[in-house]
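Asks: I'd like to go over a predicted model; first the sequence, then the structure.
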Amino acid sequence: MEKAIDKRSSRKAVGDLDEHLRYQGAESLSNSSTTSDIASTMAGVAIGNEIASYFNKEKSNTKDNSPQPPPPPPIKREFYIVKGGESKGPFSISEIEEMLRSSELNQNSYIWKDGLKDWVKIKELLPQLFKKSPPPIPEDG
């Protein structure tokens, strides 16, 4: 009983699993008398070190409490276009912009999204895509 209490108190004092395994290995080496006992103990220490290493990695991975950036918002694909006499889509606003840049669409192409009663021209629904230059400078500026 006294031996178990000593062992438990020595574990509390050590605290770290890796250190404890080293302590146990050293203690068993001093108590061993045969080569097979020493070999068994060394194998146990090696396995114990691997286990301790795994748990220390897991512990260090969970310690990272730095704030992580939020995930990017999902791409909204809400626009439909008329192309070749057919409805195509849905497309995101950036896809619509790319089709305008590549001349697949123009400001008079038809577009639709949920909430619209009818198809409208792109320049009516998304006029901000066609303002390429700033407004005139005010006279008092």
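Replies: All right, it came through fine.

Asks: now the strands for this structure?
Replies: Ranges of strands within the chain are 79-83, 86-91, 110-113, 120-121, based on DSSP state E.

Asks: how's this protein carved up into domains?
Replies: The domain map for the chain lists 2-62, 79-130, with the assignment taken from automatic domain parsing.

Asks: Report the mean confidence score over the last one.
Replies: For domain 79-130, mean pLDDT rounds to 94.

Asks: again, but for the first one
Replies: The average pLDDT for domain 2-62 rounds to 66.

Asks: and the spatially closest residue to residue 82 that is not a sequence neighbour, what is it in contact with?
Replies: Closest residue to residue 82 apart from its sequence neighbours, by CB to CB, 6 or more residues apart in numbering: residue 110 at 4.2 Å. Using the backbone N, CA and C atoms, a C-beta is placed for each residue, glycine as well. Each residue near residue 110 by CB atoms under 8 Å, 6 or more residues apart in numbering is listed here: 81, 82, 119, 120, 121, 122.

Asks: And for residue 90?
Replies: For residue 90, the contacting residues are 77, 78, 79, 80, by CB under 8 Å, 6+ apart.

Asks: from those residues, which is closest to residue 127?
Replies: Distance ranking of these against residue 127, using CB to CB, places residue 79 first at 14.4 Å.

Asks: Report the separation between that closest one and residue 95.
Replies: To residue 95, residue 79 is 8 Å away according to CB to CB, to the nearest Å.

Asks: out of the two, which sits in the busier spot?
Replies: Taking other CB atoms under 10 Å, residue 79 and residue 95 do not tie; residue 79 has more neighbours (20 against 15).

Asks: close enough to count as contact, the more buried one and residue 89?
Replies: Yes - judged on CB atoms under 8 Å, residue 79 makes contact with residue 89 at a distance of 5.9 Å.

Asks: Quick check: closest non-adjacent residue to residue 97.
Replies: What sits nearest to residue 97 in space, not counting adjacent residues and going by CB to CB, 6+ apart, is residue 129, at 6.1 Å.

Asks: Report the contact partners of the one you found.
Replies: Going by CB under 8 Å, 6+ apart, residue 129 touches 96, 97, 100, 122.

Asks: any chance of these in TSV, with neighbour count and distance to residue 115 too?
Replies: Listed next are the contacts of residue 129 as TSV, based on neighbours: other CB atoms under 10 Å; distance: CB to CB, whole Å:
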residue	neighbour count	distance to residue 115
96	22	16
97	14	20
100	17	22
122	21	16
